[in-house]
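> just a sequence and a predicted model for now, questions to come.
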Amino acid sequence: MTSKISSSSLTSSMVSFLSDLIRIRSICGINTEYLVAERVSVECQKLKLKYELVSAPNQEDRPNVIVTAGNGPSKFLFVGHTDTVNVEDETQWSFPPFAGSIDDKTQRLIGRGSCDNKGGIVCALYTLYLLQHIIDEEKLNISIQLACVVDEESGACSSIGVRYLLDRKLISGCGAIYVYPGTNVTIGHRGLLRLSIDVKGENVHTGSVEWNTKIKGANATTALARILIALEDYSWNNDTDPSFPSLTLTVTPGTIFNGGGFVSVVPSNASAMVDIRLMPSTSVKNILQTIEDIVKTIINKRNEFYRKMTPDSNLSARLSASITIKNQLPAAAIDSNHALVLS
């Protein structure tokens with residue numbers, strides 16, 4: 001039966017499907033993934049694939065989609081995510097990011113999410129379609145699943161996305177593939193550590209005598225800025241691993257920054273996210289200790305700065321800082337000679 005399926009007709013259907021998905025804005029933190037899940041459901045109906053929409057409590061507008069081929073025990077799992085990162089300033093794009101159009105020169109379908117990760121979902125869904133025919137023909141007592149999960153861009157292990165499905169044993173398998181499209185076989189994934197650094201200072205009106213003489217006030221934003229620059233300038237260990245030949249430990253401070261509330265008030269609060277990509281040999285304990293030392297050093301220096309500005313003052317430290325782990329995942333890799341890699 002599979003030999004009778006036209007590859008050209010599949011290609012046309014896949015391109016049309018992906019174009020539709022790209023046209024749906026599902027930016028994490030801005031749009032919900034509901035319309036993407038709805039469009040995936042329509043395609044499942046067209047392909048006669050079983051599917052189920054599963055939402056976490058009070059998250060009905062952000063449904064995960066579980067698609068299944070076969071009726072037996074689950075043997076394998078494909079995973080993709082239905083949200084995307086933001087496009088920021090659309091006027092700076094050389095093409096409309098949500099048009100879902102094909103570039104005339106390259107003949108590539110372009111747009112936000114075309115690779116990360118809607119293109120992968122399209123490929124995986126049609127793979128399940130073909131596998132369903134094989135399972136039926138061979139009368140195989142297995143099932144293979146595709147999980148189209150929400151909220152991945154917020155930190156990969158969202159409690160309403162893939163983690164929600166895993167914790168409730170709604171998806172499983174002896175192995176899994178995260179469905180990023182491309183011709184390279186990826187045998188692992190670097191680990192993830194995301195931190196929030198929060199600095200507290202002391203607010204005061206910028207036009208006041210107290211701030212002019214530095215008797216009162218401590219700028220949380222400038223203190224945090226110094227911390228982020230110090231993290232960026234630090235010579236981190238270039239941890240390497242044969243599973244990731246072109247990658248090393250990567251520390252990116254300040255991917256999100258918030259500070260201040262009014263233009264004429266010294267900011268008393270500032271926060272920033274730090275994104276860290278871990279190698280298998282990276283010590284999270286050492287990373288955290290290094291960051292804590294840098295934060296402590298800079299906060300002490302800034303407090304000393306304010307003390308020197310008011311030498312006759314007995315004021316206690318005006319600035320403080322805290323570090324909170326927001327997301328943490330270990331690095332993972334399989335042997336390059338594994339049957340799944342070589343197949």
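Yep, it's here.

> now the strands for the protein?
Counting by DSSP state E, one finds strands in the chain at the ranges 50-54, 64-70, 74-81, 143-149, 176-178, 188-189, 191-200, 250-259, 269-278, 320-329, 332-333.

> strand partners of the fourth one, parallel vs antiparallel please.
Spelled out, it's strand 143-149. Note on strand 143-149: by DSSP bridges, its sheet partners are strand 64-70 (antiparallel), strand 74-81 (parallel).

> closest one to Ser143 among those strands?
Evaluated over the strands paired with strand 143-149, closeness to Ser143 peaks at strand 64-70, with 3.7 Å, by CB to CB. Bear in mind the C-beta positions are built from the backbone N, C-alpha and C, glycine included.

> neighbouring contacts of the closest one?
Applying CB atoms under 8 Å, 6 or more residues apart in numbering, the contact partners of strand 64-70 are 37, 40-41, 44, 49-55, 82, 125, 128-129, 131-132, 135, 140-150, 161-162, 164-165, 170-171.

> helices of the chain, start to end?
For the chain, the helices defined by DSSP state H occupy 7-23, 34-47, 118-138, 162-167, 209-212, 220-233, 284-309, 339-342.

> what about those, which gets the closest to Phe98?
Among the helices of the chain, the nearest to Phe98 by CB to CB is helix 7-23 (5.7 Å).

> now that closest one: how far from the chain's centre is it?
From the chain centre to the centre of helix 7-23 is a distance of 25 Å (CA atoms, centre = their mean, to the nearest Å).

> equivalent analysis for stretch 294-313, please.
Distance of stretch 294-313 from its chain centroid, counting by CA atoms, centre = their mean, is 36 Å.

> what's the answer for stretch 172-189, then?
Relative to its parent chain, stretch 172-189 has a centroid offset of 16 Å by CA atoms, centre = their mean.

> same check on stretch 255-265?
24 Å.

> in it, which residues are buried?
Buried positions in stretch 255-265, judged by neighbour count with 16 or more other CB atoms under 10 Å: Gly259, Val265.

> how about low-confidence regions in the protein?
1-4, 311-315 (pLDDT under 70).

> which segments of it make up each domain?
2-183, 189-329 (automatic domain parsing).
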